[in-house]
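Colleague: Predicted model and sequence below, questions to follow.
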Amino acid sequence: MPRLESHVDPHDDRFAARRSAMLALLGELRALEARAREAAARAAPLFEGRGQLLPRERVARLLDPGSPWLELSTVAGHLLDDADPERSVAGAGLICGIGFVAATRCLVSANDSGIDAGAIQSMGREKMLRAQTIAFENRLPFVQLIESAGANLLRYRVDDFIEGGRLFCNLARLSAAGIPVVAVVHGSSTAGGAYLPGLSDHVIMVRGRARAFLAGPPLLRAATGEIATDEELGGADMHTSISGLGEYLAQDDADAIRIARDVIGRLGFARGTGFLHEPGPARPLPAAGASQPPIAAFEEPCFDPDELAGVVPLDFREPFDMREVIARIVDGSRFLEFQPDYGAQTVCGHAELHGHRIGVVTNNGPLDPAGSNKATHFIQACCQSGAALLYLQNTTGYIVGRASEQAGMIKHGSKMIQAVANANVPSITVHCGASFGAGNYGMCGRGFGPRFVFSWPHARTAVMGGEQAALTMRLVTEATAQRRGQPVDAAALDALGRRIVETFERQSGALHTSARLLDDGIVDPRDTRNLLGFVLDTCAEAGRRALHPLSFGVARP
């Protein structure tokens, strides 16, 4: 397979300026993530006094030492919990990610109960729903570390209550599909939250700390006049000896994690078991700047992935060749380009990444009729051969104009969208630059259900650019005024244009979209190769895993 060449000079001033700007954006991201960890850590004295581990300590003990951990949606809920940037705590009160427990790849979810006692936020619910979807699509055992004060009644919204029912429906469907659900109850799990352990297949409860009841002592007394203690209503001893809600009684958090690891190790989902074919070795997911795996069964790129911080301009208006990105993420920088001289602004080709066969679809400009036809053909060919699809989004959308309309842009774009929507192989999307208009759809944006979607820190997503939106509204307003014989207020139109640009700019950035779970997280471009290798492993493992579905989820007598 041919090797790509690179025309980037990592020593020139333009590269240095791009790298500096990218690292500044990454610094903002890391600061938000650190603020969430620090907010939870401030509860350490309280947890220590109760003999408990902090949520991140629980996750760390659950995971296999030294194994890769991919945390998801780290800035979910940013500025949605509090509009003040100085007070907002990203993460939506939930820690979610994919990691290995007793050699078993799992989806792990933990209430970040060091923040607001783990009270459930609107975006926390959405983050949990997304985690459940990832577990379902990738056949991952779903592990819940539960400790939550429940819904925040001061922010009650009826739609949160109604939509929250999907959390419980998904747990039932995971179990019925043959995907185990494991719950460790570290603290409160009350009212509707009581169904989190209730709908789990395996439940571990911590003595003296776990609480699960539909109505706590205050509500019970208010509703019925009955007086009962927490332990009588829903303590761990009661549930493991009388009600049967829990299977295992743990003495403390550490003991509960130990039991959970034993349970997960017995599920038959560990590497080498429960598969139609034997899986390959695990690959580490190092942090940015860390050394690459010392032993690998695949070629490293010929060009350093660290250079991705300076390859891409932050301004989407500045053109660059996406082959420079491909050359730094695929094995050996080898890329067999598909129809390179036809629809040339749409780049398609075959490659391998961490040993997985992939088809790459990306953009060096707008999608035109020829490019759309090429992409349609290529996507269908990948489906035929079983190669996963990697979409590297960098497009201003489908091309417009008289010539393209007459050439059938709508028709050919629709064919491409049909292929994207109905592809039967795993699709993974990375927002590497612009993602505007229907180009977001044609390049497998969130609405088209890719297995995973990630964003680089400078990515921009919108129906169109802010300047284009402002000019469109100006032209429409001027035409309307002229048609009615009214004067045009240029100053008012200028002010309107500024408001439109500000609105679009504010909503199109990666922090804004990631806060709303329009991706699965913002990633350091330098980590893209290892990130993609990890999620491709996850997808491939799902394809090999044999499930044993039931008509219904596992129910207790």
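Modeller: That came through fine. Residues are numbered from 1 along each chain as shown.
Colleague: Quick check: R3 vs Q468, distance?
Modeller: Here the distance between R3 and Q468 works out to 38 Å (Cβ to Cβ, to the nearest Å). C-beta coordinates here come from the backbone N, C-alpha and C atoms, glycine included.
Colleague: of the two, who's got more company?
Modeller: Q468 (18 against 15; other Cβ atoms under 10 Å).
Colleague: Next SSE downstream of the host helix or strand of the more buried one?
Modeller: Using DSSP states H and E, Q468 maps to helix 466-483. For helix 466-483, the following helix or strand on the C-terminal side (DSSP H and E) is helix 490-508.
Colleague: pLDDT of that following helix, averaged?
Modeller: The average pLDDT within helix 490-508 is 89.
Colleague: Which residues are in contact with F161?
Modeller: Applying Cβ atoms under 8 Å, 6 or more residues apart in numbering to F161 gives the contacts A151, G192.
Colleague: So what's the residue count around the spatially closest residue to I399 that is not a sequence neighbour?
Modeller: Nearest residue to I399, sequence neighbours excluded (Cβ to Cβ, 6 or more residues apart in numbering): P366, at 4.2 Å. By other Cβ under 10 Å, 20 other residues sit near P366.
Colleague: same question, T224
Modeller: 10.
Colleague: Model confidence for it, exactly?
Modeller: At T224, pLDDT is 91.
Colleague: Contacts for whatever helix or strand L70 lives in next, please.
Modeller: For L70, the element it lies in under DSSP H and E is strand 69-71. Residues from elsewhere that reach strand 69-71 (Cβ under 8 Å, 6+ apart): L63, I95, C96, G97, I98, G99, L285, G521, L531, F534, V535.
Colleague: let's go with 7 Å and repeat that
Modeller: L63, G97, I98, G99, L285, F534 (Cβ atoms under 7 Å, 6 or more residues apart in numbering).
Colleague: cool, and stretch 313-322?
Modeller: Contacts with stretch 313-322, where a contact means Cβ under 7 Å, 6+ apart, come from 18, 21-22, 312, 347, 362-364, 392, 394, 433-434, 458, 460.
Colleague: if you set the cut-off to 6 Å instead, what comes out?
Modeller: For stretch 313-322, contacts defined as Cβ atoms under 6 Å, 6 or more residues apart in numbering pick out R18, A21, V347, T362, N364, L392, N394, G433, A434, H458, R460.
Colleague: Of those residues, which pair is most distant in space?
Modeller: A21 and V347 (24.4 Å; Cβ to Cβ).
Colleague: Between these two, tell me which one has more neighbours.
Modeller: With neighbours defined as other Cβ under 10 Å, A21 and V347 compare such that V347 has more, 27 against 17.
Colleague: buried ones in stretch 251-258?
Modeller: For stretch 251-258, the buried set under the neighbour-count rule, 16 or more other Cβ atoms under 10 Å, comprises D252, D253, A254, A256, I257, R258.
Colleague: With secondary structure, distance to P217 and pLDDT as added columns, please give the residues you listed in JSON lines.
Modeller: Shown next, in JSON lines, are the buried residues of stretch 251-258 (DSSP: H, G, I helix; E, B strand; the rest coil; distance: Cβ to Cβ, whole Å; pLDDT from 0 to 100):
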{"residue": "D252", "secondary structure": "coil", "distance to P217": "24", "pLDDT": "98"}
{"residue": "D253", "secondary structure": "helix", "distance to P217": "24", "pLDDT": "98"}
{"residue": "A254", "secondary structure": "helix", "distance to P217": "28", "pLDDT": "98"}
{"residue": "A256", "secondary structure": "helix", "distance to P217": "24", "pLDDT": "98"}
{"residue": "I257", "secondary structure": "helix", "distance to P217": "29", "pLDDT": "98"}
{"residue": "R258", "secondary structure": "helix", "distance to P217": "31", "pLDDT": "98"}
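Colleague: and which of those residues is nearest to F448?
Modeller: I257 (37.6 Å).
Colleague: Quick check: mean pLDDT of the helix or strand just after the strand holding L70?
Modeller: Using DSSP H and E, the helix or strand that directly follows strand 69-71 along the chain is strand 94-101. What strand 94-101 shows for mean pLDDT is 97.
Colleague: strands paired with strand 94-101, and their directions?
Modeller: strand 69-71 (antiparallel), strand 104-111 (antiparallel) (DSSP bridges).
Colleague: and among those strands, the most buried is which?
Modeller: Among the strands paired with strand 94-101, strand 104-111 has the highest mean neighbour count (mean count of other Cβ atoms under 10 Å), at a mean of 25.
Colleague: my read is I428 is in a strand, agree?
Modeller: Yes. Counting by DSSP: H, G, I helix; E, B strand; the rest coil, I428 is found in a strand.
Colleague: Tell me the spacing between it and V523.
Modeller: If you go by Cβ to Cβ, the gap between I428 and V523 works out to 12 Å.
Colleague: swap in S241?
Modeller: Taking Cβ to Cβ, one finds S241 at 47 Å from V523.
Colleague: Looking at E163 now. What's its pLDDT?
Modeller: Looking at E163, its pLDDT reads 88.
Colleague: number of nearby residues for it?
Modeller: Neighbours of E163 (other Cβ under 10 Å): 14.
Colleague: Could you find the closest non-adjacent residue to it?
Modeller: R125 (6.6 Å).
Colleague: host element of the one you found?
Modeller: Assigned by DSSP H and E, R125 falls in helix 122-137.
Colleague: Show me what that helix packs onto, helices and strands only.
Modeller: strand 94-101, strand 104-111, helix 158-176 (3 or more Cβ pairs under 6 Å, 6 or more residues apart in numbering; DSSP states H and E).
Colleague: in that helix, what's buried?
Modeller: For helix 122-137, a neighbour-count test (16+ other Cβ under 10 Å) marks 122-132, 134-137 as buried.
Colleague: how far off strand 104-111 does that helix point, in degrees?
Modeller: In terms of direction (axes from the mean of the first three to the mean of the last three Cα atoms, to 10 degrees), helix 122-137 departs from strand 104-111 by 170 degrees.
Colleague: for the chain, what are the low-confidence residue spans?
Modeller: For the chain, the stretches with pLDDT under 70 are 153, 271-296, 557.
Colleague: which one's the longest helix in it?
Modeller: helix 13-41 (DSSP state H).
Colleague: ok and that one relative to strand 94-101, angle-wise?
Modeller: 100 degrees.
Colleague: Quick one: name whatever helix or strand follows helix 13-41.
Modeller: Trace forward from helix 13-41 with DSSP H and E and the next one is helix 44-49.
Colleague: Packing partners of the longest helix of the chain?
Modeller: Partner elements for helix 13-41 (3+ Cβ pairs under 6 Å, 6+ apart): helix 308-311.
Colleague: just how off-centre is the helix it packs on within its chain?
Modeller: Its chain's C-alpha centre and that of helix 308-311 lie 23 Å apart, by Cα atoms, centre = their mean, to the nearest Å.
Colleague: what's that helix in contact with?
Modeller: Residues lying outside helix 308-311 but in contact with it, judged by Cβ under 6 Å, 6+ apart, are V8, F15, R18, R19, M22, E324, R328, P525, R526.
Colleague: ok, then the element right after the helix or strand that contains A403?
Modeller: A403 belongs to helix 402-406 when elements are defined using DSSP H and E. The helix or strand immediately downstream of helix 402-406 is helix 409-422, counting by DSSP H and E.
Colleague: how about that following helix: buried residues?
Modeller: Using 16+ other Cβ under 10 Å as the test for burial, helix 409-422 gives M409, H412, G413, K415, M416, I417, A419, V420.
Colleague: And stretch 258-269, by the same measure?
Modeller: For stretch 258-269, by 16+ other Cβ under 10 Å, it's R258, I259, A260, R261, V263, I264, L267, F269.
Colleague: Could you give the number of residues near the nearest residue to the first one once chain neighbours are set aside?
Modeller: Leaving out its chain neighbours, the residue that sits closest to R258 by Cβ to Cβ, 6+ apart is A250, at 7.8 Å. With neighbours defined by other Cβ under 10 Å, the count for A250 comes to 24.
Colleague: and what of F534?
Modeller: F534 has 21 nearby residues by other Cβ under 10 Å.
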